[in-house]
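Student: dropping a prediction and its sequence here:
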Protein chains: 2
Amino acid sequence: MTKIYPVVLCGGSGTRLWPRSRKQAPKPFLPLVDEDTLFEATLARAADPDRFGEPVVVTGVGHRTHVEAQAAGHPGTRVIVEPMARNTAPAIALAAHRLPADAIMLVCPSDHHIADVAAFREAAGAAARLAEEDWLVSFGINPTGPETGFGYIRRGAELPGGFQVERFVEKPDLATAEQFLADGNYSWNGGIFVFKAGTFLDELARHRPAMAAAVREAVERGHEDGAAFHPDAGAFGRIEGDSVDYAVMENTTRAAVVPVSMGWSDIGNWQALRDARPGDEAGNRTRGNVELVDCRNVLAETDGPRISVIGLEDIAVVVDGDEVLVTSMAGAQKVGKLGGAVNQ
Amino acid sequence: MTKIYPVVLCGGSGTRLWPRSRKQAPKPFLPLVDEDTLFEATLARAADPDRFGEPVVVTGVGHRTHVEAQAAGHPGTRVIVEPMARNTAPAIALAAHRLPADAIMLVCPSDHHIADVAAFREAAGAAARLAEEDWLVSFGINPTGPETGFGYIRRGAELPGGFQVERFVEKPDLATAEQFLADGNYSWNGGIFVFKAGTFLDELARHRPAMAAAVREAVERGHEDGAAFHPDAGAFGRIEGDSVDYAVMENTTRAAVVPVSMGWSDIGNWQALRDARPGDEAGNRTRGNVELVDCRNVLAETDGPRISVIGLEDIAVVVDGDEVLVTSMAGAQKVGKLGGAVNQ
């Protein structure tokens, strides 16, 4: 079987996990769920040399040092340093240009958590077989609740190991999300994609010709720097950024989906992080010097000072350096808008 | 009119206000409600030289430095340094011995808050007139809710400016407290007393003769040290400690009560402290670098790090040095049992 090349997109800043995630120590590079960082775990789960090729990491100038330090255990890792962020479609196109046209790419965010690595690998294999037939495959995460924070994918006709995509759906309201859950034919769009490099570039050229041309020019004028590749900033800067969903997946007639249950979480905020960590009998999750009295489903973590909590449920208390965050789980979505998160 | 001598009992440690109140910086000596400390405010409200004599402060070795520093604005303050704590009855007896037998004593805790000083002074005058007639007078705080944390006093026959005490009642359960509130003849026992020094010592000798004799011996064998008086440790140490309520007030036939509404609080925990401070429109009280989003009736204060709180009601968040406390208001009673508060 053809090897699968992991393409790790290493962009986001994770401000909703402030104050632990900061400009100088962003979300992908923190050991949030267990002792590995999210980025390390992303590399590790696609590191079986029988199935996977060397990873390609697409990142920004600010993250490069973190990437190189944490990828040190994976020799052969190639890094593409974007001169500026232009969303996921151009980032994936850069990686596609740096791989053979018939290479199977497995595009993954660098800051998600996947509990069941075997299920992930199995789905990657099924998706790769479809990609060999020039399908552009999305992982379809089997929904565990009526989430309103994710896009959805509706399954169409069956394919070997998956389905054609009937349609992609924007983030729904709660009533619609409950309908999707009851329907049973909808998956979450987790931002994980499998396709042949050449197929992706062909589809990009068809649906976003200007973007495709600009990426090609940025690669042709780019330069190497050790294991890192630098696309040309002038050409790349002219691109109008867009997501791979909008630019390609929603337009191509060859979109497929492989449903999977793999304990996936985007660790999108403190509530998601709490849920991804194992709790004690009362559902509490603590790290560092913490005393809890009469608490349930509390996440409390500190890098120094002791935290003492009494009589609370479903809150997060996070102490990091000179910042103390206390939020209800319902309020966790608003963390990124706090003064501390915005002006760090 | 005879002058009234304030006798300030400066003992408690205030562990339920940990981590702000600490062994090295105990509750009476902190600016908890406003810019004055509770002890400073206690001295200030009984500092009118037309009505009040120089105060007597009864305290322990550990508190002496704080007492002398914060009483510096009240020349003539006398300090009695207890060699060990023996509860309120012996402490008051020490002060009584150091005053003329016909002096009117106004016994006050050092760590309560009184918003309406005029009402306090008026009640002190009414109580002093009863004390002249050898009544032992309790301030009876008009209850504002069915509190279960205080003892109650039931009014009996009317006296000029007050009432005889029909009986003292231990801390009630909630149903009983609600009954007391509805009844209208019950006051809270706020631990503020007015009596003649000689009358108090006579009643103590009648109901606790061993204690009275030991205090007398401790005073006779004591020694001066500048403005401070040190009772003899051997004699004082032999005393079996007891409260003024148990030792004297519940036994004497001359107990009286003067009802008063004076915005009183014992600042007994973080909930009481929140309620004693003025709030903003949402009922929030903050000190230091604090950002609140979607919060109501939250107390948040910090001596350094920024606190950010989202989506919570009726909690306290307190950052002090290396300690971070987060408690529901309902849980505030348990703060003193936390590991940090016990092992400070």
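Tutor: All right, it came through fine. Given the structure is predicted, the values throughout are model-derived calculations rather than measurements.
Student: C-alpha from now on. contacts and neighbour counts both.
Tutor: Will do.
Student: using the three-state scheme, assign A:Val324.
Tutor: strand (DSSP: H, G, I helix; E, B strand; the rest coil).
Student: right, I mislabeled it, should have said A:Leu181
Tutor: Three-state assignment for A:Leu181 (three-state DSSP): helix.
Student: contact partners for it?
Tutor: By Cα atoms under 8 Å, 6 or more residues apart in numbering or on different chains, the contact set of A:Leu181 is A:143, A:145-146.
Student: make TSV from these and add secondary structure, pLDDT and distance to chain B to it.
Tutor: Below are the contacts of A:Leu181 laid out as TSV (DSSP: H, G, I helix; E, B strand; the rest coil; pLDDT from 0 to 100; distance: Cα to the nearest Cα, whole Å):
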residue	secondary structure	pLDDT	distance to chain B
A:Pro143	coil	96	27
A:Gly145	coil	94	23
A:Pro146	coil	95	22
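Student: just among those, which is most surrounded?
Tutor: Among these, A:Pro143 has the most neighbours (other Cα atoms under 10 Å in any protein chain shown), with 21 neighbours.
Student: verify the stated contact: that residue with A:Asn185.
Tutor: No: using Cα atoms under 8 Å, A:Pro143 makes no contact with A:Asn185, being 10.0 Å away.
Student: could I get the full set of strands for the stretch 51-200 of chain A?
Tutor: Taking DSSP state E, counting those that start in this stretch as the criterion, the stretch 51-200 of chain A contains strands spanning A:56-60, A:78-82, A:104-109, A:113-114, A:136-141, A:152-159, A:162-169, A:186-196.
Student: closest to B:Arg277 out of those?
Tutor: Nearest to B:Arg277, of all the strands of the stretch 51-200 of chain A, is strand A:113-114, at 45.0 Å by Cα to Cα.
Student: counting contacts, what elements does the closest one pack onto?
Tutor: helix A:38-45, strand A:264-265 (3 or more Cα pairs under 8 Å, 6 or more residues apart in numbering or on different chains; DSSP states H and E).
Student: one more time with 6 Å, if that's ok
Tutor: Applying 3 or more Cα pairs under 6 Å, 6 or more residues apart in numbering or on different chains; DSSP states H and E, one finds that strand A:113-114 contacts strand A:264-265.
Student: does A:Gly241 lie in a helix or a strand, and which?
Tutor: Under DSSP states H and E, no helix or strand contains A:Gly241.
Student: same check on A:Val319?
Tutor: A:Val319 belongs to strand A:315-320, assigned by DSSP H and E.
Student: and that strand, which strands flank it?
Tutor: Next to strand A:315-320 in the sheet, as set by DSSP bridges, lie strand A:299-302 (parallel), strand A:323-328 (antiparallel).
Student: got a markdown table for the strands of the stretch 51-200 of chain A, with mean pLDDT and mean neighbour count too?
Tutor: Below are the strands of the stretch 51-200 of chain A laid out as a markdown table (pLDDT from 0 to 100; neighbours: other Cα atoms under 10 Å in any protein chain shown):
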| stretch | mean pLDDT | mean neighbour count |
| --- | --- | --- |
| strand A:56-60 | 97 | 25 |
| strand A:78-82 | 97 | 24 |
| strand A:104-109 | 98 | 26 |
| strand A:113-114 | 98 | 22 |
| strand A:136-141 | 98 | 27 |
| strand A:152-159 | 98 | 18 |
| strand A:162-169 | 97 | 21 |
| strand A:186-196 | 97 | 25 |
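Student: got a markdown table for those, with distance to A:Pro19 too?
Tutor: Below are those laid out as a markdown table (distance: least, Cα to Cα, whole Å):
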| stretch | distance to A:Pro19 |
| --- | --- |
| strand A:56-60 | 21 |
| strand A:78-82 | 26 |
| strand A:104-109 | 21 |
| strand A:113-114 | 19 |
| strand A:136-141 | 29 |
| strand A:152-159 | 30 |
| strand A:162-169 | 32 |
| strand A:186-196 | 25 |
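Student: relative to A:Pro278, which of these is closest?
Tutor: Among those, strand A:113-114 sits nearest to A:Pro278 (Cα to Cα), with 13.1 Å.
Student: what bits of chain A have low per-residue confidence?
Tutor: Residue ranges of chain A with pLDDT under 70: A:1.
Student: ok, now which ones touch the residue positioned nearest the centre of it?
Tutor: Geometric centre of chain A, nearest residue: A:Pro109, 2.5 Å, by Cα atoms, centre = their mean. For A:Pro109, the contacting residues are A:8-9, by Cα atoms under 6 Å, 6 or more residues apart in numbering or on different chains.
Student: also A:Trp188?
Tutor: Taking Cα under 6 Å, 6+ apart, one finds A:140-141, A:151-152 in contact with A:Trp188.
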